[in-house]
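In: Structure for this input, please:
(one chain, ligands or ions: 1)
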Amino acid sequence: MSTQNLERWNELSKKEFEDMAEQYGTPFYLYDADAINHRINFIRESMDNLVEVFYAVKSNPNLGILRTINGVANGLDISSGGELEQAELAGFDMAGISFAGPAKTRNELLASIEKGVGCISIESMRELNECIDISKQVATKANIVIRINPKLLNRAFGMKMGGRPIQFGIDEENINIILEVILANTQFINFKGIHIYAGSQCFEVSGIVEGVKNTLRIAREIETNTGLICTTINLGGGFGVSHTDNQNELDVKALAKDLLPSIKEFHQNSEVPCKIVFELGRFLTANAGLYISRVISSKESRGKQFFMVDGGLHHHLAAAGTFGSAFRSNFILKNISHPNAKLIECNVAGPSCNPTDLLGMKVNLEQPEQGDLIAVLKSGSYGFTASPLLFLGRQTPTELVIHNNEIFVGRHSKKMLDFN
Ligand SMILES: Cc1ncc(COP(=O)(O)O)c(C=O)c1O
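Out: Numbering: from 1, shown residues only. Purely as a prediction, here's the structure:
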């Protein structure tokens, strides 16, 4: 397994795309579940099977995908009661679930404890007290890790989620108070270890290595100072993958080379086996998805060419730059119907009333014609569920999944009326 990438869009013919469009309507998403599974295996094998790979459901919670990765991913990172139910429906073992989020409700904690979720990330004293209280109520121990907001600000991460004042986790300088409460309540809670999520979109091997070493150091310090044993260490992840560039992504082989000595040393010096976990979202899913819409109309406006398609920000907010975000960058667009047409600079606009509804702004695209199918590549993460699906009352797109050379519906299209 020598390659990080296995996406096989180029192997699908124009006719196969047209058949999907005919059968399910446009726009639609198409996910390559085999490519996701390949990446999970690739990462784990690159890490000599010394690190487990959890799938971050938030990046793409499609049931079809979850079912196909069950048994391949070691577990799931979830962030709500809804994702917990989705994981259960997909048949996941609850012991392999890790639940993080800064505002877990009592009902979410109760459901997690009753169902036997493997790791509840404790992000505040209130959550710890609530877990102890629920555990007394239902006579079931809560499995917990402490989510720590480290002192280290890891500058290599595009989106920094630790090392600064933030809503996530317990500040490293305050963990002793939490640990004291844990030590006093071991009859109600299983302390399993720690969780540190430094952030997302890190492209530098050295950034990940620095963060992991820091996490392992903190785990050892807790063990030495308290006598508690970390049997689980969730290293977070944040492996970077670019949406705008085909090549730019974290080099997993290079990461393994620089990281494995520290991981091996940690395992060797552990008295009891310790589960070390990466929880990854977009790195597994981004490349594995296409969003496909059809050209409805075209026009020239003051010398600029516009092609209006039936898809847009309501289904794929990220591709349209999230309602006018400061730094908009085009996803990669391809004309599936005319892949060899000459490249022209144009704008690809969605159907909404908002001028930011542009899937492509001054993009180079194979000259489209009315009726052509246009694909937005790298659309497998934070697409469908991170978009304002009901905005302006259009149907939601069908989500299709490819697995073992078969294409099936992972989620059906719905009308606005279906949500009333
Ligand atoms: C706790 C946690 N784990 C995993 C992820 C997944 O991040 P990514 O999709 O960048 O891998 C996130 C993203 O916000 C997160 O907050």
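In: Contact residues of the chain facing the ligand?
Out: Within reach of the ligand by C-beta under 6 Å from any ligand atom, the chain has these residues: 56, 59, 77, 100, 197, 200, 237-238, 279-283. No exception for glycine: its C-beta is placed from N, CA and C like everyone else's.
In: From those residues, pick the one nearest the ligand.
Out: Distance to the ligand across the residues of the chain next to the ligand (C-beta to the nearest ligand atom) is lowest for G281, with 2.4 Å.
In: Quick one: residues contacting the closest one.
Out: Y55, A56, K58, S59, N60, D77, S200, G237, S381, Y382 (C-beta atoms under 8 Å, 6 or more residues apart in numbering).
In: mind checking pLDDT for it?
Out: The model reports G281 with a pLDDT of 98.
In: Kindly reformat the contacts of G281 as CSV containing secondary structure, pLDDT and neighbour count.
Out: Listed next are these as CSV, based on DSSP: H, G, I helix; E, B strand; the rest coil; pLDDT from 0 to 100; neighbours: other C-beta atoms under 10 Å:
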residue, secondary structure, pLDDT, neighbour count
Y55, strand, 98, 30
A56, strand, 98, 28
K58, helix, 98, 19
S59, helix, 98, 24
N60, coil, 98, 31
D77, strand, 98, 29
S200, strand, 93, 22
G237, strand, 95, 27
S381, coil, 97, 23
Y382, coil, 97, 20
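In: tell me which of the residues of the chain next to the ligand is nearest to A320?
Out: Distance to A320, by C-beta to C-beta, is smallest for R282 among the residues of the chain next to the ligand, at 17.4 Å.
In: Now the phi/psi pair for the closest residue to the closest one other than its chain neighbours, please.
Out: Closest residue to R282 apart from its sequence neighbours, by C-beta to C-beta, 6 or more residues apart in numbering: S381 at 3.9 Å. Phi and psi for S381, reported as degrees, to the nearest 10, are phi -120, psi 140.
In: Next: Q23.
Out: Per-residue torsions, Q23: phi -70, psi -40 (degrees, to the nearest 10).
In: what about it, how many neighbours?
Out: For Q23, the count of nearby residues is 12 (other C-beta atoms under 10 Å).
In: picking that back up, next, give me the two most distant ones among the residues of the chain next to the ligand.
Out: Largest separation among the residues of the chain next to the ligand by C-beta to C-beta: A100 and F283, giving 17.2 Å.
In: So between these two, which is more surrounded?
Out: Using other C-beta under 10 Å, the more surrounded residue of A100 and F283 is F283, with 27 against 24.
In: in the sheet, who's paired with the closest residue in space to the more buried one that isn't next to it in sequence?
Out: Of all residues not flanking F283 in the chain, F239 sits nearest, at 3.7 Å (C-beta to C-beta, 6+ apart). Per DSSP bridges, the residues bridged to F239 are C202.
In: Pick out the least confidently modelled helix or strand of the chain, by mean pLDDT.
Out: Each helix and strand of the chain was given a mean pLDDT (mean pLDDT, DSSP states H and E); the minimum falls on helix 321-324 at a mean of 80.
In: Thanks again, I'm all set now.
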